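Q: next input, structure requested:
(chains A, B and C)
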Amino acid sequence: MSDPHSKPKFRWHIVVFLAPAVLVYTAVMIYPLFNTLRLSLFTEVDQARVYVGLQNFRTLFGDTVWSTQFWNALGNNFWFFVIHMLVQNPIGIALAAILSHPKLRFASFYRSAIFIPTILSFVIVGFAWKLILSPIWGIAPGMLDAVGLKSLYAPWLGKEAYALTTLSLVSVWQFVGIPMMLIYAALLSIPEEILEAAEVEGITGLAAFWKIKLPLILPSIGIISILTFVANFNAFDLIYAAQGALAGPDFSTDILGTFMYRTFFGFQLQLGDPHMGSTIASAMFAIILVGVCLYLFGIQSRMRRYQF
Amino acid sequence: MTKSTLIGAMLATTVLAGAAAAEDVTLTIESWRNDDLAIWQDKIIPAFEAAHPGIKLNFTPSAPAEYNAVLNSKLDAGSAGDIITCRPFDASLALFEAGHLADISGLEGMASFSPVAKSGWSTDDASIQYCVPMASVIHGFIYNKDAFAELGIEEPKTEAEFFAALDKIKEDGTYIPMAMGTNDQWEAATMGYNNIGPNYWKGEEGRLALLAGDQKLTDEAWVAPYRQLAKWGNYLGDGYEAQTYPDSQNIFTLGRAAVYPTGSWEISGFNGLADFEMGAFYPPVQNAGDTCYISDHTDIGIGMNAATPNPEAAKTFLNWVGSSEFATIFANALPGFFPLSDAPVTLEDPLAQEFISWRAECESTIRSTYQVLSRGTPNLENETWNASVAVIKGEESPEDAGKRLQEGLSSWYDPQK
Amino acid sequence: MNAARKNPFNTYAAHGALILYTLIALFPVFVIVINSFKTRKAIFREPLALPNSDSFSLIGYETVLKQGDFFLYFQNSMIVTVGSLFFILLFGAMAAFALAEYRFKGNLIMGLYLALGIMIPIRIGTVAILEMMVQTGLVNTLWALILVYTAQGLPLAVFILSEFMRQVSDDLKNAGRIDGLSEYRIFFRLVLPLVRPAMATVAVFNMIPIWNDLWFPLILAPAEEVKTLTLGSQVFIGQFVTDWNAVLSALSLAILPVMALYVIFSRQLIRGITSGAVK
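A: Alright, predicted model coming up:
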């Protein structure tokens, strides 16, 4: 790789390539984040910060007031993630596969239109879907009525049993453009020669997708899965915009992000508690870190990559 | 846009931001009342600036839901404005204890407030005040006068009359009897439980007894309001579980609902939206002739950032907030937010006048969960939201709700142990 | 081309599926935009009807435009978004190249370190970030936002770009080295053009949260001169807001520019993707 004549020579270009990113990132992101996570080891007594070791974590997992909320949020978060994996990513891949068809007309129109929800802010998404699903405005009940399915309507966002699934699907609606775009880019970068060679062998259509394209885009699917995991366990805005910081009804839509926000910054009469808040943030961080490490060491390092 | 013009534009903005510091003292006001932006800009600020040359005001509200988080972050980092709009009780008390709000007990303007008015922004022993009381809101019910006339219903005075009226509206079917939803949760507690509750726990008497540990949330006086709430579910619109607060406001102002459980803060907004005549009644009492109690809640105060570079100008402003001049401008610009000062004020808005007239007829109290009781974990206010919703939906019995809240409260509040 | 690739039934099915999904994707936006042009009564009476001469009203837009300098807000949002994207792409691609191309001690650790940031919501670092901006005098400047967004966007950019850079052929780079090109030239001349599709993808993904963010503008740059469009329209989406004409108009005003931006970027994105695929 480096100059073969002077082997021990320090490769300055690596430093030059890394330095700007590492500097900005360390100063503006990592330092403030760890400065905050540090708070999880402290508590406040009479306006003074006291070191308490892991006491806050014991409270979070040991005190039922806290632990029930934590496990509830974690469970909801898993369901949120499962729906994204089962609905968002397959739809995204399917759309990308159809779009990448070389002869498809209007492909760019479809692609742009389907990506539009992704560019909207959570405030808009939350507001729009609340209106559509609202029993008052009557858009959803009216549309179901038009196809004779009025009886299927329920005020979903207000029912414990449906609210979380409904919001997960709204989130899927919003973000399906991301897997679609990533897979689309991956599919387009498969060289035509490979596909033509396959055709000569008689592998076309769906078979070509399953046998040739899918294995080639597996690394991209891996990236999407881990990005979905990280994004879902950091999610906050949509639930907050649609259901508020108390994540109603009866905490049925409470996920780790809303739980952390409520605790850290406070809500209504509940005062913000940066120490418990960062304890929850640390727990979230640990969960995500474990997931990402499993991916990086367990899956990514074993995945075959093809250079074109 | 090319790169160089981009950088040029950024530099220009940086310079502009720096140049904004002019010779006049400018006081920046932090607030969650983004709805009042126009009123501050058009009425309050010009009035103050005309009387106090050399001091400029800059009103910078953020959305109510984010206000506490934004303000606390800015105070901790030292970039908050000079004047802080204060939430009542513990949120502001915590800011004072952390040294962010200045002690303004000695301010002349404070003289015109009663101890009750000051209680929302005083230390627990009432020795130090840190915010000037600005406004209170009164709870009650607003109704559609046209609808009541059409159906031949009178303003209900007792609970029995209240439910009879709701039954009649429901039977007729033209109007949704009551506009309220449980999606946003807080209405059920604020416009429900704390609206009708004072009649049962006898206002201040019950509230102070609860604080002292002499009454419990499982006592009849505290469970009975839940029993009434449990009956409300029948009279709300279809799908009320997913109905949001703005939904309810719109249903009522579009004339589709007859009664709207609420607080006086709605008046200014509703005046512009409803094209029918509105009336108001206070929470109906259990038996005819009973003393009525209303929630006259200290809601907005205004204080001084302890780190302000312009303490003198800030004090001038706070003194002005305590004056009758401010009270009159504020009360009439925002009918429904009632000034707390003893300065006499005339209200031009008939609906606001109706609400404030209850102060003479009924005993006033404040929301039961605000003082001290929401200091611990679990948070009693949040739990009350949750319980009120569960009771209205019929998912929890009034007795169970009371028991759950009492267990939560007694787990951390010593007088209740 | 094989017959299966032009089977008309497949084509219809493909169009059918895409049209269906397109409708689902656009419906909520359609509802918001048409209702923003209607009177309040009409919004509630027939939420799905197009505005007609009877129900047409611009009252919401009048309220909103009276409230602030939306052109200035738009300009601020543009500067912040474009500035942040520039730094994210430049710094991110450089770091991704270093990680993907060279074996050196600490490569894996550095990769993990740079990925840490996507695992914790940056929001919890707010107070420390704000303190830093106060100390450096960057509060209420657009630079504060650009710095935060650049830092926030870097982990994802490095993560995605390094994955794509691993797919760039070694032969090509080695050929460049034999021709005597410096590592910098190899990066800027050979590798960057090849990962253009990935760069465009990263740009689009980062653009969205930056444009739509409410939190950091609210905390770091709330002053009138540096307000972003999202923050400027937020005034209408508070808790105590019943004026749905204004809310819907503000939302529409917030949707339309970002949609226009996306359409512009999307051309670049597609050009990038196709030119990358041809190679």
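Q: make sure B:Asp184 is indeed in a helix.
A: No - looking at B:Asp184 with DSSP: H, G, I helix; E, B strand; the rest coil, it is coil, so not inside a helix.
Q: that one reaches B:Thr244, doesn't it?
A: Yes - using Cβ atoms under 8 Å, B:Asp184 is in contact with B:Thr244, at 5.3 Å. For glycine as for every other residue, the C-beta is placed from the backbone atoms N, C-alpha and C.
Q: more crowded one of these two?
A: Just comparing B:Asp184 and B:Thr244: by other Cβ atoms under 10 Å in any protein chain shown the higher neighbour count belongs to B:Thr244, 23 against 20.
Q: wait, isn't the more buried one in contact with B:Trp186?
A: No - the pair B:Thr244 / B:Trp186 is not scored as a contact, 10.9 Å apart, by Cβ under 8 Å.
Q: nearest spatial neighbour of the residue of the stretch 1-150 of chain A found nearest chain B, chain-adjacent residues omitted?
A: Evaluated by Cβ to the nearest Cβ, the stretch 1-150 of chain A has A:Pro135 as its residue closest to chain B, separated by 2.5 Å. For A:Pro135, ignoring the flanking residues on the chain, the nearest one in space by Cβ to Cβ, 6 or more residues apart in numbering or on different chains is B:Gly239 at 2.5 Å.
Q: next one: phi and psi at the one you found?
A: In terms of degrees, to the nearest 10, the main-chain angles of B:Gly239 are phi 70, psi 30.
Q: enumerate every residue touching C:Ile178.
A: Taking Cβ atoms under 8 Å, 6 or more residues apart in numbering or on different chains as the definition of contact, C:Ile178 has no neighbours.
Q: strands of the stretch 151-300 of chain B, residue ranges please.
A: B:176-178, B:257-263, B:278-281, B:293-304 (DSSP state E, counting those that start in this stretch).
Q: how far does the first one sit from the chain's center?
A: Read that as strand B:176-178. Relative to its chain's centre, strand B:176-178 lies at 24 Å (Cα atoms, centre = their mean, to the nearest Å).
Q: then the third one?
A: For strand B:278-281, the distance between its averaged C-alpha position and the chain's averaged C-alpha position is 19 Å (Cα atoms, centre = their mean).
Q: what comes into contact with that strand?
A: Applying Cβ under 8 Å, 6+ apart, the contact partners of strand B:278-281 are B:140-145, B:148, B:155-157, B:270, B:351, B:354-355.
Q: what pairs with that strand, and is each one parallel or antiparallel?
A: Strand B:278-281 has its sheet partners listed here by DSSP bridges as strand B:131-144 (antiparallel).
Q: could you find the closest non-adjacent residue to B:Thr308?
A: Take B:Thr308 and drop its neighbours on the chain: the residue closest to it by Cβ to Cβ, 6+ apart is B:Asp82, 4.0 Å away.
Q: if we go by neighbour counts, what in stretch B:49-68 is buried?
A: By 16 or more other Cβ atoms under 10 Å in any protein chain shown, the buried positions in stretch B:49-68 come out as B:55-59, B:61-68.
Q: just stretch C:58-76 next, same as before
A: Buried, per 16+ other Cβ under 10 Å, within stretch C:58-76: C:60-61, C:63-64, C:67-68, C:70, C:72-76.
Q: so does that stretch get close to chain A?
A: No - judged by Cβ under 8 Å from any Cβ of the partner chain, stretch C:58-76 stays clear of chain A, getting no closer than 13.7 Å.
Q: need the CA coordinates for that stretch. CSV is fine.
A: C-alpha atoms of stretch C:58-76 as CSV (Å, rounded to 0.1, in the frame of the first residue of the first chain):
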residue,chain,number,x,y,z
LEU,C,58,-56.1,32.3,1.7
ILE,C,59,-56.8,33.4,5.2
GLY,C,60,-54.3,30.9,6.7
TYR,C,61,-51.5,32.1,4.5
GLU,C,62,-52.2,35.7,5.3
THR,C,63,-52.0,34.9,9.0
VAL,C,64,-48.8,33.0,8.6
LEU,C,65,-47.0,35.4,6.3
LYS,C,66,-47.9,38.3,8.6
GLN,C,67,-46.1,36.6,11.4
GLY,C,68,-42.5,36.5,10.2
ASP,C,69,-40.1,36.9,7.4
PHE,C,70,-40.4,33.6,5.8
PHE,C,71,-38.0,34.4,3.0
LEU,C,72,-35.3,35.1,5.5
TYR,C,73,-36.2,31.9,7.3
PHE,C,74,-36.0,30.0,4.1
GLN,C,75,-32.6,31.4,3.3
ASN,C,76,-31.3,30.5,6.7
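Q: which parts of the stretch 201-308 of chain A sit against chain B?
A: For the stretch 201-308 of chain A, the residues in contact with chain B (Cβ under 8 Å from any Cβ) are A:243-246, A:248-251, A:261, A:265-272.
Q: out of these, list just those in strands.
A: Members of those lying in strands (criterion: DSSP state E): A:266-267, A:270-271.
Q: what's the local residue count around the residue nearest to B:Thr298 when sequence neighbours are not counted?
A: Distance criterion Cβ to Cβ, 6+ apart; nearest residue to B:Thr298, sequence neighbours excluded, is B:Gly120 at 3.6 Å. Neighbours of B:Gly120 under the rule other Cβ under 10 Å: 26.
Q: for B:Gly120, give me its contacts.
A: The contact partners of B:Gly120, by Cβ under 8 Å, 6+ apart, come to B:88-89, B:92, B:131, B:133, B:298-299, B:301, B:366, B:370.
Q: again with B:Leu405
A: Neighbour list for B:Leu405: B:217, B:380, B:383-384, B:387 [criterion: Cβ under 8 Å, 6+ apart].
Q: tell me the helix or strand right after the helix or strand of chain A with the lowest mean pLDDT.
A: Every helix and strand in chain A was compared by mean pLDDT, DSSP states H and E; the lowest is helix A:205-208, with a mean of 82. The first helix or strand that comes after helix A:205-208 along the chain, using DSSP states H and E, is helix A:214-233.
Q: okay, now the unreliable bits of chain C?
A: Where chain C drops to pLDDT under 70, the residues are C:1-9, C:235-242, C:265, C:268-279.
Q: in space, what's closest to whichever residue of it sits closest to chain B - neighbours in sequence excluded?
A: Going by Cβ to the nearest Cβ, chain B is nearest to C:Leu130 of chain C, at 3.6 Å. What sits nearest to C:Leu130 in space, not counting adjacent residues and going by Cβ to Cβ, 6+ apart, is B:Ala77, at 3.6 Å.
Q: swap in A:Ile132?
A: The shortest distance from A:Ile132 to any non-neighbouring residue, by Cβ to Cβ, 6+ apart, is to A:Ile139 (4.8 Å).
Q: A:Phe115 now?
A: Closest to A:Phe115 by Cβ to Cβ, 6+ apart is A:Gly177, at 3.8 Å.
Q: neighbours around that neighbour, how many?
A: 26.
Q: center of the chain - which residue?
A: If you meant another chain, say so; for now it's chain A. Nearest to the centroid of the C-alpha atoms of chain A, with distances taken as Cα atoms, centre = their mean, sits A:Ala231, at 2.2 Å.
Q: please refer instead to chain B.
A: For chain B, B:Asp299 is the residue whose C-alpha lies nearest the centre (Cα atoms, centre = their mean; 4.6 Å).
Q: if I look at the closest residue to it other than its chain neighbours, what pLDDT would I see?
A: Nearest non-adjacent residue to B:Asp299, counting by Cβ to Cβ, 6+ apart: B:Val137, 4.9 Å away. pLDDT recorded at B:Val137 is 93.
Q: and B:Val137, what does it touch?
A: Taking Cβ under 8 Å, 6+ apart, one finds B:263-265, B:296-297, B:299, B:336-338 in contact with B:Val137.
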